[in-house]
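**Student:** Pasting the sequence and the predicted coordinates here, then a few questions.
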Amino acid sequence: MTFPQRAIGAARLEVPVFEEIEADETATSQALLVVVLSSLAAGIGLSSGLYNAPVLHRVMLALLLWVFWAISTYVVGVYVMPEPQTRTSVGELLRTIGFAASPGMLRIFGMIPAIGGTIYVISTVWMLVAMVIAIRQALDYKSTGRAVVVCIITGVIGVITAAFFGALLFLLAEEVVS
């Protein structure tokens, strides 16, 4: 399966695509590319009214959010809330949740006046649904509910951590300007 087929399949929430990505160790760089493109789209598409910072800071914040979300997902999913059959590696989890960011590439359209905010929100929610599927598949969960709980817990951890670093970036930028 090609990179575009994988990205589209993940965006279409196709479980077999997530299983293939999980098993293919060569897909790690592709997953990283999806995360970078999704973060770029988020940084460009996020209105400055919501987070008034330079685009580069918004892109960095989106990347940081994903990194902290990924780390906390591994810790919570593998050590805090595993099911008996949970067996995964860092690579398997990073690949699946990396491709779960595929719908996030649409967030670039957030800059379109009048409809951009709606597109941004829909693509972000779509990405969260893909994240739940990715977590369920990578952690071999039988329960989608458990994957939802892990996604909520780790999403909150990621947002709080990214907000902290976003504030730090903002303060550092203010310091450089003055």
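**Tutor:** Received the coordinates, thanks.

**Student:** Which residue is the nearest non-sequential neighbour of residue 39?
**Tutor:** Excluding its sequence neighbours, the residue lying closest to residue 39 (Cβ to Cβ, 6 or more residues apart in numbering) is residue 62, at 3.9 Å. The C-beta positions use only the backbone N, C-alpha and C, and glycine is treated the same way.

**Student:** where are the low-confidence patches of the chain?
**Tutor:** Along the chain, segments meeting pLDDT under 70 span 47-52, 173, 176-178.

**Student:** The residue nearest to residue 39: how many residues sit nearby?
**Tutor:** Each residue near residue 62 was counted by other Cβ atoms under 10 Å, and the total is 26.

**Student:** Can I get the helix or strand it falls within in PDB? Just the C-alpha atoms.
**Tutor:** Assigned by DSSP states H and E, residue 62 belongs to helix 55-74. Coordinates of each C-alpha in helix 55-74 appear next as PDB, following Å, rounded to 0.1, in the frame of the first residue of the first chain:
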ATOM      1  CA  VAL A  55       2.500  30.700  12.800                       C
ATOM      2  CA  LEU A  56       5.800  28.900  13.600                       C
ATOM      3  CA  HIS A  57       4.800  28.900  17.300                       C
ATOM      4  CA  ARG A  58       1.400  27.500  16.500                       C
ATOM      5  CA  VAL A  59       3.000  24.700  14.400                       C
ATOM      6  CA  MET A  60       5.500  24.000  17.200                       C
ATOM      7  CA  LEU A  61       2.700  23.800  19.700                       C
ATOM      8  CA  ALA A  62       0.700  21.400  17.500                       C
ATOM      9  CA  LEU A  63       3.900  19.200  17.200                       C
ATOM     10  CA  LEU A  64       4.400  19.400  21.000                       C
ATOM     11  CA  LEU A  65       0.800  18.500  21.700                       C
ATOM     12  CA  TRP A  66       1.200  15.400  19.400                       C
ATOM     13  CA  VAL A  67       4.500  14.300  21.100                       C
ATOM     14  CA  PHE A  68       3.100  14.600  24.600                       C
ATOM     15  CA  TRP A  69      -0.100  12.900  23.600                       C
ATOM     16  CA  ALA A  70       1.900  10.000  22.100                       C
ATOM     17  CA  ILE A  71       4.100   9.600  25.100                       C
ATOM     18  CA  SER A  72       1.200   9.700  27.600                       C
ATOM     19  CA  THR A  73      -0.800   7.300  25.400                       C
ATOM     20  CA  TYR A  74       2.000   4.800  25.500                       C
END
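
**Student:** which strands and helices sit next to the helix or strand just after that helix?
**Tutor:** Using DSSP H and E, the helix or strand that follows helix 55-74 in sequence is helix 90-99. Here helix 90-99 touches helix 3-11, helix 15-23, helix 28-45, helix 55-74, helix 116-138, going by 3 or more Cβ pairs under 8 Å, 6 or more residues apart in numbering; DSSP states H and E.
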